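> the following comprises the amino acid sequence and a computationally predicted model.
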Amino acid sequence: MQILHTIAELRTLISGKRREGARIGFVPTMGNLHSGHIALVHEAKRHADFIVASIFVNPLQFGANEDLDSYPRTLAEDSTKLADAGCHCLFAPTVAEMYPQGGNSLTRVSVPALSDQHCGASRPGHFEGVATVVTKLFGIVQPDVAVFGRKDYQQLAVIRQLTDDLCLPVDIIGVATERAESGLALSSRNGYLSDHERQQAATLYATLNQLADRIRAGERNYPELEESGNQALEQQGFQRDYLHICHAHTLQRATSIDNQLVILAAAKLGKARLIDNLELTLNPA
Ligand code: PAF
């Protein structure tokens, strides 16, 4: 696997591969890779011949009091994992390579309809940072297909929307969340959890499942269900952020006539802010 740090080197490599007729698959990440990321590489290999992964801890998507400085950076281990998974190229640019003029004067991409609620309400500017870096990475790599995890459900929706709105010729693929045996969604931020918190953390997904069961059984008072889910999480030691029952595509709060739903949740446990989601399809009434 080749490891490249500059846009110019990556462009040269990719144009050579294109001339050979290769389809380019892209897996953008912030590193500290776990088996969820590796599943993205395997999915990319099903759709493309030459796979590029990127590792870039993007300062634009972190708020002032967030974990940009402490975010785990494990490039050596990550490159071994990517090479073992059959990734062909790792692009690991510096901040100066990506943002040579600094962040302030940069052109930004925003997807207002999907960005201001849920995680976007708790993390103002986060999705603009994601949309900007993903658009820029798409411009650099020019992939045929790009693969993202469904754990970041709102992020995936934002990326699909910007790809459509800007007519970018990239197929976006979402891959199911990888989970520990306990149900806990794999995340780089799980590393912030103590052993005890890791056990408690599994109740996030269990709570979503309990709510889904109640909806499947006919309950439709969504505000009441949301409150009951938040209370269950607080009893397990979580600090509430949000728990919203939404339409699966618009991400607007669901009404009782919607059949395609997603429950989106974020909650803090110790130092970790965890997110998860559960999609459910109801039979039409
Ligand atoms: O999901 C992530 O790891 C990041 O938000 C992404 C998509 C790589 C953009 O920095």
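Received the coordinates, thanks. Numbers count the residues shown, from 1 in each chain.

> CA only for contacts and neighbour counts going forward, please
OK.

> can you give me phi and psi for the residue in the stretch 1-150 of the chain that the ligand sits nearest to?
Residue nearest to the ligand within the stretch 1-150 of the chain: Thr29 (3.7 Å; C-alpha to the nearest ligand atom). Backbone torsions of Thr29, given as degrees, to the nearest 10, read phi -140, psi 170.

> cool, and Val175?
phi -110, psi 140.

> what residues are up against the closest residue to it other than its chain neighbours?
Among residues not flanking Val175 along the chain, Gly149 sits closest, at 4.9 Å (C-alpha to C-alpha, 6 or more residues apart in numbering). Applying C-alpha atoms under 8 Å, 6 or more residues apart in numbering to Gly149 gives the contacts 36-37, 40, 156, 174-177.

> got the phi/psi numbers for whichever residue of the stretch 151-285 of the chain sits closest to the ligand?
The nearest approach of the stretch 151-285 of the chain to the ligand comes at Asp152, 6.7 Å away (C-alpha to the nearest ligand atom). As for Asp152, its main-chain torsions (degrees, to the nearest 10) stand at phi -90, psi 70.

> same thing with Leu243?
phi -140, psi 110.

> quick check: bridge partners of the closest residue to it other than its chain neighbours?
Closest residue in space to Leu243, ignoring its immediate chain neighbours: Ala265 at 4.2 Å, by C-alpha to C-alpha, 6+ apart. Residues in a beta bridge with Ala265, per DSSP bridges, are Leu243, Asp276.

> neighbours around Ala265, how many?
A total of 25 residues lie near Ala265 under the criterion other C-alpha atoms under 10 Å.

> for the stretch 1-150 of the chain, what spans make up the strands?
2-4, 24-29, 50-55, 89-91, 145-149 (DSSP state E, counting those that start in this stretch).

> can you list these in a markdown table and add mean pLDDT?
Shown next, in a markdown table, are those (pLDDT from 0 to 100):
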| stretch | mean pLDDT |
| --- | --- |
| strand 2-4 | 98 |
| strand 24-29 | 98 |
| strand 50-55 | 99 |
| strand 89-91 | 99 |
| strand 145-149 | 99 |
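
> any chance of these in JSON lines, with distance to Gln117 too?
Listed next are those as JSON lines, based on distance: least, C-alpha to C-alpha, whole Å:
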{"stretch": "strand 2-4", "distance to Gln117": "36"}
{"stretch": "strand 24-29", "distance to Gln117": "23"}
{"stretch": "strand 50-55", "distance to Gln117": "27"}
{"stretch": "strand 89-91", "distance to Gln117": "31"}
{"stretch": "strand 145-149", "distance to Gln117": "20"}
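
> which among those is found nearest to Ala232?
Minimum separation from Ala232 across the strands of the stretch 1-150 of the chain (C-alpha to C-alpha) falls at strand 145-149, 26.4 Å.

> now the closest one and strand 50-55, what's the angle there?
For strand 145-149 against strand 50-55, the angle by axes from the mean of the first three to the mean of the last three C-alpha atoms, to 10 degrees is 40 degrees.

> got the residues of this protein near the ligand?
Within reach of the ligand by C-alpha under 6 Å from any ligand atom, the chain has these residues: 28-30, 58, 130, 134.

> again, only using 5 Å
Within the chain, the positions near the ligand by C-alpha under 5 Å from any ligand atom are 28-30, 130.
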